[in-house]
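*Asks:* my questions are about this predicted structure, shown below with the sequence.
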Amino acid sequence: MMGPHAMLPVLAPPPTKGHLSIARLTREWYVACRAEALGKRPLARTVLGVPLVLFRDGEGRARALLDRCPHRNVPLSLGRVTFEGHLECAYHGWQYDGSGRCRLVPGLESDAEAERDRPCPSAAVREQEGLVWVCPAFGEEPERPPFHVGVRELEDEGHAVVVREVEAPGTLHATIENALDVPHTAFLHRGLFRGVERHEVRARVRRTPVSVEAEYVGEPRPKGLVGRLLSPSGGEVEHWDRFFLPSIAQVEYRMGPEAHFVVTALCTPVSDFVTRLTAVAAFRTRIPALVLRPVLERVALRIFAQDQRMLRAQTENVLRFGGEQYMSTRLDLLGPHVWRLLRQAERGEPGETVVEQEVRFFA
Amino acid sequence: MMGPHAMLPVLAPPPTKGHLSIARLTREWYVACRAEALGKRPLARTVLGVPLVLFRDGEGRARALLDRCPHRNVPLSLGRVTFEGHLECAYHGWQYDGSGRCRLVPGLESDAEAERDRPCPSAAVREQEGLVWVCPAFGEEPERPPFHVGVRELEDEGHAVVVREVEAPGTLHATIENALDVPHTAFLHRGLFRGVERHEVRARVRRTPVSVEAEYVGEPRPKGLVGRLLSPSGGEVEHWDRFFLPSIAQVEYRMGPEAHFVVTALCTPVSDFVTRLTAVAAFRTRIPALVLRPVLERVALRIFAQDQRMLRAQTENVLRFGGEQYMSTRLDLLGPHVWRLLRQAERGEPGETVVEQEVRFFA
Amino acid sequence: MMGPHAMLPVLAPPPTKGHLSIARLTREWYVACRAEALGKRPLARTVLGVPLVLFRDGEGRARALLDRCPHRNVPLSLGRVTFEGHLECAYHGWQYDGSGRCRLVPGLESDAEAERDRPCPSAAVREQEGLVWVCPAFGEEPERPPFHVGVRELEDEGHAVVVREVEAPGTLHATIENALDVPHTAFLHRGLFRGVERHEVRARVRRTPVSVEAEYVGEPRPKGLVGRLLSPSGGEVEHWDRFFLPSIAQVEYRMGPEAHFVVTALCTPVSDFVTRLTAVAAFRTRIPALVLRPVLERVALRIFAQDQRMLRAQTENVLRFGGEQYMSTRLDLLGPHVWRLLRQAERGEPGETVVEQEVRFFA
C-alpha cells in the first residue's frame, strides 16, 4: 500500500487523454518457446494474456492447451506428461490428449465416460525452424504460416546463427519502436553502438499493407565497438530496419562483401506491458565466429539491458500518468508506421498500398 | 506492476461467466483462536474480512471488539490489556471494557464524561472445548451454540486428541471440498494416503437441511503409509466424510475394533480467498499415541502442504480468469452439495428435507 | 494477492461513510528539497502526486519541470544536466532549459526546429532560507511567498538550527494533527516526552482565516527526558502549537529566560497517504548546542519513529475500512480546526474571522 512513490497516481494536472499504444492481434502466430526447450515436461507460457500449457503428444508433436483443467481449474502445467503423451492434471489426475480431449478421469469405469463433454480448449501450434509458434485464439488458425526467418539459408551462406530469449517491460509497440529506432542509439548506447561524430544520413521509408522498411543511405561505418568488430576495414554501410506484421522487428547491416549482420526479433506480447523477444542473430565477418560470438553476445546483452531499463521507465511513467502523451518528429522514422499497421490490423482495415517517403537527418 | 505473469488478467478469449463459489454467512460461530492462545495480550483476528481484537476482561472472559479505536481508528490490537481487564489504545490511551464501553479518556475529568457515546462495536464470543468462537456480525448472536466436537467424550473413550491450526489459500468452499474429496488423494497424495491399486467402492450420500454425509462401503484398508500405521492387521474399512453448516468438515475412519480416526476441521473464512482451519484430530489405535502422534503429525502436515499448494494454484488461476469454470462428474461427491448448502444458508432459503443418493466408482 | 490479512477489504458490517480527510491544495508552495541537495544531478520529487524533476539551470537557479519527456514519456530525472544547464533526457538526448523549452533534438538540423512546439510543463520554484519550494500547479504561482521560518533571525538570537527530513505514512491532515496533538504524548511517548504526573492545563485556541494556534497556560515543566534537558532548573512553561495554511505545523516551548525551543514542520503532501516533513528545529538553552544537539536528535528520532508507526497503523486501518470514522472530544484541540481550514481553502471559501475558545484538561 505504501509502495514506491513512482507508482502513485497523478493527483493534480496535467491530465493525459489516456491513449495507450496497445493493439491485441489474437489471430496470429507468436513464438511460444524454442523447440529444444519443450521436452518431457509441460511448459507454461502466456501469450496476449492467455495462459497456455505446451507439451509434446505421443507422436512428439508440440501441442498447446488452455492452462486450466476443466475440472477444478488448476493449471495443467503443474501436472506431467504421461507415457502415452497425455497431459495429466496434478490435482485429480484427469488426462487430456493433444487436441484437448479428456481421455481419462480416474475413478470412472470407462474411457467413453471420461471423454464426454469435457474438452480443454486447444490452440493451433506450428514447429518451424527450431521454434514453436502458437496462435492464442482458440479454435482458429491464421491463414499465413509463421514468419520465415531463413535460418537454414543463412547458415548455408556461411552465417553463424545464435538464438536468445529476453523479456522487455514494454508494450509490443514500444518494444518494436525501440528495437528499430536509430536516434536513441547515439545516446543510450553511447560508445557501445555508435560513435560521437555525426553525419548526414538519408533514409527511404517504404510501407506496404503488412510491413514497413527504412533503408539508410550515406551512413559511415559505425565508430563504436560494434562497428569496429564487424568491419575492421571500414567503408560504406548498407543498413535496413524492418517491421513485419504482427510482431517481427529486423535490423540488417551489410558492410561491403566482408561483413553481414542480421538480427530478427520475433516478439511475443505476453501481456499489454510485457513483451518477450526471441532474437535470431546471424552474422558473417572475417573474424571467426568462435571468437566473435562471445564478444557480440556480451555487447548485445549490455545494449539490451540499457533498452530494458528505458522501456521499464517509459512503461511505469505512462502507467503513472494514466496514458501516453507522445510527441514525434520526423526522426521517429518507423514507430508511427508500426503503430498504424498494428492499429489497422486490429481493426481489420485494409492497409494502404505502398507508401514511400524520404527523410534526412544526422546520425 | 511488472509482477509475475501468472497474475496478469486474461486479455483474449475464452471468457468465464465470472462465477465464484463464495458465500458469506455472517450470523454464525467461527473459531477465532485456541483458548490457551488468549492470554494477557490482545490478539488480532480477521473473520469474514472483519478485523477483530480479542482479549480477556477483568473476570478472565474472552471478549471481541472491532479492531479500530473509535477515536482515531488505530487498531486496538496494538494496545495492551490493563490490570482491570480494559483494552487500552496505544495512541491516546483510551480504554474499553469487554462490552466495548469506553471507560477512560486520559485528560478528561470524569469517567462519566469518558463513557459518553463512544462505544466500540463488540462481537459475541463463546469459549467451548478449549476454543474461542466469535460471531462476526456485531450485535447478533447465533441461536445454535457453536459446533460440539466432543473432545471430552473422545478422550473418555481412549482417543488421543491433537489440535493444530493451518491456513489454506482458498475459498471456504474450495477448502472444504478439498478436505472431503476422495479422488484427489490417489494422485496428489500418492503413496502417502492411498495406494495404487483401485477397488470399486460404493458411496451413500445423505443430505439434510444443515449437513451432508458420504458413507463409503467396500473400501479396503488403505495401502498407503497412513493405512499401514492405522490398522496393521488390515481388513474392511468404515469411512464417512461429513460437512456441517456453516463451515465444519469431518473425516472419520473406523477399521474394525482396533483403530478409529476422526479429524474435524473447524473452518474460519478469514476473507473470500483465505480460510483458516483448526483441525481437531482424535485417534485410537493399537500403537501407543506417544509413538504414533509425531508420525501422524508429519504425514498430516505433508498432506496439507500438498493440498495448500493445489488450493493456491486453483485460487490464483480462478482469479486470473476472473471466475470459476468448473466441470463436475459423479465422483465429485460432496463439493456440489456443500455449495448448495452454503448458498441456501446465505439466501436464508430452507434446505430440502433429507436427500439420498448412491454412487459407485473406483478408489 | 494472498497478501497480509491486514490489507483485506472489510466484507461484513459495520460500514463507514467513506470519509477521508484529504484536501488537495495545488496552488500553494511546498518544500521540494533542501537547497544544498540540489547540485549537478537532477532530483525526482513528487508533490501532491505530481512527478517533478528539479535541477539547476545555467545560472544556478533551481528549476522544476514535469518529470516526463514530451517525446517518449521517459522520466527526465533519469537524465543529466548539461554544461549549459539544460536537462537532457536519457533516452534520445532531447534537451530542455529551465523554462521547459526544448533546446535540442539530436539529429535535427537547427535549434529552431527543435524548439517548435515541444515544451515540457514547468512549475514555479522559489529558493528561500536554504530550501527549494515548488508549486505543483503548472503555470501558476501562488500570490503569497513561501512560509518564512526565520532561520537567520533565530540564529541571530543565539539559537542553534537543525534541519531534518522525514517521511510520514499518513495524510497531510493526520500528520499535522499528530504533530500538534498533546494528549497522545503522555501515552505513545511515555517517559520520553512527558512524565506520568498530570496537571490541569488551560488552553486558549485562536483561529484566523489562515491559521490556528493553541496557547497552553499552567503547564509545569515536562518531567520527561526532554523537559530535563531543556530546562534544568524547572519552572513555568509557555507552550504554543500552531498551524498555518497550507501545511505548516509549529511547536514552541519557552521555559523562563533560559530555554527556548521551536520546531517548524514544513509538510509536503507527496500523495494522499504519504507526507514528507522538513523539520526546522531551533533551540537555545544553557547547555552548549554541541552537547545538546546529538541528544535532542536521538530523542526526536525515537519520538518520530513511534509517531510514524502509529500513523501507518491508522492509515492502513482507515484504508482497510474504506474511510475514517473518527470521534473527537474537546481534547482534540487542533485537529478539527486544521481540517476546517484545509477544507475551506480547498473549496475557496473565505475563512471565518477570528474564533477563540478556551479548554481545560489534564496533561
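*Replies:* Received it, and whenever you're ready, just let me know what you need.
*Asks:* and the stretch 101-250 of chain A, which residues reach chain C?
*Replies:* Taking C-beta under 8 Å from any C-beta of the partner chain as the measure of proximity, the stretch 101-250 of chain A contacts chain C at A:Ala174, A:Pro183, A:His184, A:Ala186, A:Phe187, A:Leu188, A:Arg198. Where C-beta positions appear, they are placed from N, C-alpha and C, glycine not excepted.
*Asks:* give me the pLDDT value at the first one.
*Replies:* The pLDDT attached to A:Ala174 in the predicted structure is 98.
*Asks:* kindly report the same for the second one.
*Replies:* The predicted structure scores A:Pro183 at 87 on the pLDDT scale.
*Asks:* show me the contacts for it.
*Replies:* A:Leu331, A:Asp332, A:Phe361, A:Ala363, C:His92, C:Gly93, C:Pro106, C:Gly107 (C-beta atoms under 8 Å, 6 or more residues apart in numbering or on different chains).
*Asks:* for the fifth one, which three-state class applies?
*Replies:* Taken by DSSP: H, G, I helix; E, B strand; the rest coil, the conformation at C:His92 corresponds to coil.
*Asks:* count of neighbours near the nearest residue to it once chain neighbours are set aside?
*Replies:* Take C:His92 and drop its neighbours on the chain: the residue closest to it by C-beta to C-beta, 6 or more residues apart in numbering or on different chains is A:His184, 4.8 Å away. Neighbour count for A:His184, taken as other C-beta atoms under 10 Å in any protein chain shown: 25.
*Asks:* what about A:Asn317, distance to C:Thr46?
*Replies:* A:Asn317 sits 12 Å away from C:Thr46, taking C-beta to C-beta, to the nearest Å as the criterion.
*Asks:* domains for chain A, by residue range?
*Replies:* As given by automatic domain parsing, the domain ranges for chain A are A:30-134, A:151-362.
*Asks:* in what helix or strand does the residue of the stretch 151-300 of chain A found nearest chain C lie?
*Replies:* Taking C-beta to the nearest C-beta, chain C has its nearest neighbour within the stretch 151-300 of chain A at A:Phe187, 4.0 Å off. Assigned by DSSP states H and E, A:Phe187 falls within helix A:185-188.
*Asks:* tell me the first helix or strand C-terminal of that helix.
*Replies:* Using DSSP H and E, the helix or strand that follows helix A:185-188 in sequence is strand A:200-208.
*Asks:* and the contacts of that next one?
*Replies:* Strand A:200-208 has contacts (C-beta under 8 Å, 6+ apart) with A:212-219, A:333-334, A:337, A:340-341, A:351-363.
*Asks:* between the contacts of A:Pro183, which sits nearest chain B?
*Replies:* Nearest to chain B among those: C:His92, at 22.8 Å, using C-beta to the nearest C-beta.
*Asks:* close to chain B: what parts of the stretch 101-250 of chain A are there?
*Replies:* So far as C-beta under 8 Å from any C-beta goes, the stretch 101-250 of chain A lies against chain B at A:Val105, A:Pro106, A:Gly107, A:Leu108, A:Glu109, A:Asp117, A:Arg118, A:Pro121, A:Pro136, A:Ala137, A:Phe138, A:Pro169.
*Asks:* can I have the buried ones of the contacts of strand A:200-208 as a PyMOL selection?
*Replies:* Entered in PyMOL, the line below selects the buried ones among the contacts of strand A:200-208, by 16 or more other C-beta atoms under 10 Å in any protein chain shown:
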select buried, chain A and resi 212+213+214+215+216+219+333+334+337+340+341+351+359+361+363
